[in-house]
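Engineer: What follows is a predicted protein model with its sequence.
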Amino acid sequence: MQGLGVACGLAAGVWLGGAEAPTKLVNAGISPFAVSLAMVLGVFTARWTLPTLLKGTNCIFRDVLARPHLIVWAILTGALWAVANTLTVFAVRDVGLAIAFPLWNVNSLIGIFWGWLLFHELRGAGLRVGSRVLGGALSIVASAIMLAFVTVLHRSTANGHAVQGVLAALGASLLWGTMYVPFRKAYLSGMNPLSFVTIFTFGELGTMTLLAATFSGGIAHLNAELHAESHLVFWMFLGGFCWVIGDLFQQYAAKYIGIGRGIPLSNTNQLWGLAWSAFVFGELTHVSQAGRWLVVAATLLMIVGAGSIGSAAAPVGEQVSRRTAISRECLRYGLSLEECEAAQLGAMPRNSTHTRRPWWDALIVTAAVTLFLWLGLQAQVPPLAMNFFWMSTLCAVLALAAIGCGWLLWKKTRFE
């Protein structure tokens, strides 16, 4: 499953990078809490619509009921995500997308640490494989820092909150790096990523509503702000929806190659975030010739880092350590070791049956389409300077990544 996991990690990078572009709308005067809440509404819609389309709610409920101990972990994950996502909006507002991205992508190193400490990842891998993974992750982080250095030299922070923005980005990094712990716990237990992400929508939406109501003047004030900016809500909603597509690919990467490999690969979203910020929004218009060469060097370094991780398949010793981690989860929660190990290869559960989909599956999809149309009909072009040629080009790349990696997942695992 190494090749499939690598493909999912890289596809996640493409979509996670593009999904952050709507957070630029915070510079149009909308509060970070309103932006984040609108994104979370898109996330909630996507996390129910996409799994329903791909597998159906019967499969999701059956999977969750077989592992009820993961419900609380899923809700906790959603809460961590909501807080981290809000912090990223503050970071984008205060230091810009190109600077904030590399700072919160340090989460890959945090994920590697948790994977090693809690789930035996990289144990038994040997020096050669272990150095490839760690070296590749460090290369990606170093590349991100180089790209941030370019933007710091050639972009001034007009609002005077640079330190606040940096702290917000680092806080998001810590929360997102820790958020991967429940991910790995779920997938070692044999849960389908589509099931897990559906459940933690409740943690996301509940936490985000609480944050917005507490810190943005109450529900009435927030509702008035969203109503006044209704022509922009669609784009933030769309950003949340697109983020889920990237997150699903990231989930499959974490399942099949672990968080120590999957998360650094998905953090190649730095390149795509740079592409959106530079080509579409023109953040790096005044970069000098030396700065451009530094951008090229950082890009090549990130590609080398991703290649190093992608080639570092788990050897026998690490696979034995992973089996130990799976056995621990099975013993603790009374799960079948055979089924959990089969899930690591994308195998269908033995008790899985192809039943007729319930009527509410159609209702969920219909509600999502209706919401898209309702928000879309109110949408207007955002009041930001944008290059529509590059926007179209990057959207085409998004489509190719989704279709290509989605086909691989269907061919090999039927989205298991």
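Structural biologist: Arrived safely, thanks for sending.

Engineer: ok, which stretches of the stretch 201-350 of the chain are helices?
Structural biologist: Taking DSSP state H, counting those that start in this stretch as the test, the helices found in the stretch 201-350 of the chain are 201-215, 219-228, 230-257, 259-266, 269-275, 289-310, 316-333, 337-343.

Engineer: now the first one, how far from the centre of its chain.
Structural biologist: The chain centroid and the centroid of helix 201-215 are separated by 18 Å, computed with CA atoms, centre = their mean, to the nearest Å.

Engineer: returning to that earlier point: out of the helices of the stretch 201-350 of the chain, which one sits most buried?
Structural biologist: Compared across those, helix 259-266 shows the largest average neighbour count, a mean of 31 (mean count of other CB atoms under 10 Å). All C-beta spots, glycine's among them, are computed from the backbone N, C-alpha and C.

Engineer: what about stretch 82-94, distance to the chain center?
Structural biologist: From the chain centre to the centre of stretch 82-94 is a distance of 14 Å (CA atoms, centre = their mean).

Engineer: which residues are contacting that stretch?
Structural biologist: 20, 23-24, 26-27, 32-33, 35-36, 39-40, 99-100, 103-104, 157, 159, 161-162, 164-166, 168-169, 171-172, 175-176, 179, 203-205, 207-208, 211 (CB atoms under 8 Å, 6 or more residues apart in numbering).

Engineer: Give the residue farthest from the middle of the protein.
Structural biologist: Using CA atoms, centre = their mean, the residue of the chain lying farthest from its centre is Gln289. It sits 32.8 Å away.

Engineer: tally of neighbours for the residue nearest to His231 when sequence neighbours are not counted?
Structural biologist: In this structure, His231 finds its nearest non-sequential neighbour in Gln380, 4.0 Å apart by CB to CB, 6 or more residues apart in numbering. Gln380: 10 surrounding residues under other CB atoms under 10 Å.

Engineer: what do you get for Arg123?
Structural biologist: Around Arg123 there are 17 residues (other CB under 10 Å).

Engineer: what's the pLDDT at the nearest residue to it once chain neighbours are set aside?
Structural biologist: In this structure, Arg123 finds its nearest non-sequential neighbour in Ser321, 4.2 Å apart by CB to CB, 6+ apart. Per-residue pLDDT puts Ser321 at 90.

Engineer: Now do the same contact list for Ser321.
Structural biologist: Residues in contact with Ser321 (CB under 8 Å, 6+ apart) are 120-121, 123-124.

Engineer: which of those tops the neighbour count?
Structural biologist: In terms of neighbour count, Glu121 stands highest of the contacts of Ser321 at 27 neighbours, by other CB under 10 Å.

Engineer: which ones are touching that one?
Structural biologist: Shown in contact with Glu121 (CB under 8 Å, 6+ apart): 112, 115, 184, 258-260, 318, 321-322.

Engineer: Quickly note the distance from it to Glu341.
Structural biologist: For Glu121, the distance to Glu341 equals 16 Å [CB to CB, to the nearest Å].

Engineer: same check, this time on Met348
Structural biologist: When Met348 is compared with Glu341 (using CB to CB), they lie 14 Å apart.

Engineer: Is it possible to get TSV of the helices of the stretch 201-350 of the chain that adds distance to Ala12?
Structural biologist: Output for the helices of the stretch 201-350 of the chain, formatted as TSV (distance: least, CB to CB, whole Å):
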stretch	distance to Ala12
helix 201-215	18
helix 219-228	29
helix 230-257	4
helix 259-266	4
helix 269-275	7
helix 289-310	12
helix 316-333	21
helix 337-343	20
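
Engineer: shouldn't Glu20 be in contact with Met236?
Structural biologist: No. At 11.3 Å, Glu20 does not count as touching Met236 under the criterion of CB atoms under 8 Å.

Engineer: Can you read off the pLDDT for Thr353?
Structural biologist: Looking at Thr353, its pLDDT stands at 57.

Engineer: er, Lys24 I mean
Structural biologist: At Lys24, the model reports a pLDDT of 66.

Engineer: got it, and Gln344?
Structural biologist: Gln344 carries a pLDDT value of 84.

Engineer: burial count for it?
Structural biologist: Neighbour count of Gln344, defined by other CB under 10 Å: 17.

Engineer: ok, now Ala11?
Structural biologist: 29.

Engineer: Find the nearest non-adjacent residue to it, please.
Structural biologist: Nearest non-adjacent residue to Ala11, counting by CB to CB, 6+ apart: Cys405, 3.8 Å away.

Engineer: in the stretch 201-350 of the chain, what spans have low per-residue confidence?
Structural biologist: 349-350 (pLDDT under 70).

Engineer: mind checking the SS state of Tyr408?
Structural biologist: Slight slip there: residue 408 is Leu, not Tyr. Three-state call for Leu408 (DSSP: H, G, I helix; E, B strand; the rest coil): helix.

Engineer: quick one: contacts for it?
Structural biologist: Counting by CB under 8 Å, 6+ apart, Leu408 touches 4, 7.

Engineer: Farthest-apart pair in the contacts of Ser321, please.
Structural biologist: For the contacts of Ser321, the maximum inter-member distance is 9.8 Å, found between Glu121 and Gly124 (CB to CB).

Engineer: Overlap of the contact sets of the two?
Structural biologist: Residues touching both Glu121 and Gly124 (CB under 8 Å, 6+ apart): 318, 321.

Engineer: tell me, what residue is most central in this structure?
Structural biologist: The geometric centre of the chain, computed from its C-alpha atoms, lies nearest to Asp247 (CA atoms, centre = their mean), at 3.7 Å.

Engineer: Pretty sure that one sits against Ala11.
Structural biologist: No. In this structure, Asp247 is not within contact of Ala11 by CB under 8 Å, at 11.1 Å.

Engineer: Find the nearest non-adjacent residue to Asn316, please.
Structural biologist: Actually, residue 316 is Val rather than Asn. Among residues not flanking Val316 along the chain, Gly124 sits closest, at 7.8 Å (CB to CB, 6+ apart).

Engineer: could you dump stretch 336-346 to CSV, C-alpha only?
Structural biologist: Provided in CSV are the C-alpha atoms of stretch 336-346 (Å, rounded to 0.1, in the frame of the first residue of the first chain):
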residue,chain,number,x,y,z
SER,A,336,-10.5,-8.8,15.9
LEU,A,337,-6.8,-8.7,15.1
GLU,A,338,-7.4,-10.5,11.7
GLU,A,339,-9.9,-7.8,10.6
CYS,A,340,-7.8,-4.9,11.8
GLU,A,341,-4.8,-6.2,9.9
ALA,A,342,-6.9,-6.8,6.8
ALA,A,343,-8.1,-3.2,7.0
GLN,A,344,-4.5,-2.0,6.6
LEU,A,345,-4.6,-3.5,3.1
GLY,A,346,-7.9,-2.0,2.2
